[in-house]
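Trainee: Next comes the sequence, and after it the predicted model I'd like to discuss.
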Amino acid sequence: MDYLRWRGIPCYKHQNASIYRDGRYIFSYTRGVSDIIGCIPKTGRYSAIEVKRPGGKPTPEQRQFIDTINEAGGRSLWRGVWKRLSAILNFIMPGDMIRTR
């Protein structure tokens, strides 16, 4: 996230927390919301990135969230590892919009 911010993308980590009570979990968040939420500079478009461990895949709820954001005109995707960060940036922001330092 520091790298995204350094590149000029305001973003935050969505907190996926739940409460364990009476032998079960009570979810205190909307299921499927991506891990990183941001705003694309200059356009103001919503961006969402779902981060997965190697070999991991998004749940049906996460896929639905990604599809919903893309259909609404935002930019959302999932990636297995952070070493593909340049691919993520190229997807959510055209190359001429990425701040270079």
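Mentor: Done, it's in.

Trainee: what pLDDT does the residue nearest the centre of the chain get?
Mentor: Nearest to the mean C-alpha position of the chain, by Cα atoms, centre = their mean, lies Ile49 at 1.9 Å. For Ile49, the pLDDT comes out at 88.

Trainee: residues contacting it?
Mentor: 34-36, 38, 76-79, 88, 92 (Cβ atoms under 8 Å, 6 or more residues apart in numbering). Using the backbone N, CA and C atoms, a C-beta is placed for each residue, glycine as well.

Trainee: what are the ranges of the strands in this protein?
Mentor: 11-13, 18-21, 24-27, 36-39, 46-51, 75-79 (DSSP state E).

Trainee: Put together TSV for those strands, with distance to Arg63 on each row.
Mentor: Compiled in TSV, the strands of the chain are given as follows (distance: least, Cβ to Cβ, whole Å):
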stretch	distance to Arg63
strand 11-13	20
strand 18-21	20
strand 24-27	18
strand 36-39	16
strand 46-51	9
strand 75-79	8
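
Trainee: and among those strands, the most buried is which?
Mentor: Highest mean neighbour count among the strands of the chain (mean count of other Cβ atoms under 10 Å): strand 46-51, with a mean of 21.

Trainee: Just want the angle from it to strand 75-79.
Mentor: 10 degrees (axes from the mean of the first three to the mean of the last three Cα atoms, to 10 degrees).

Trainee: So in that sheet, which strands flank strand 46-51, and in what orientation?
Mentor: strand 36-39 (antiparallel), strand 75-79 (parallel) (DSSP bridges).
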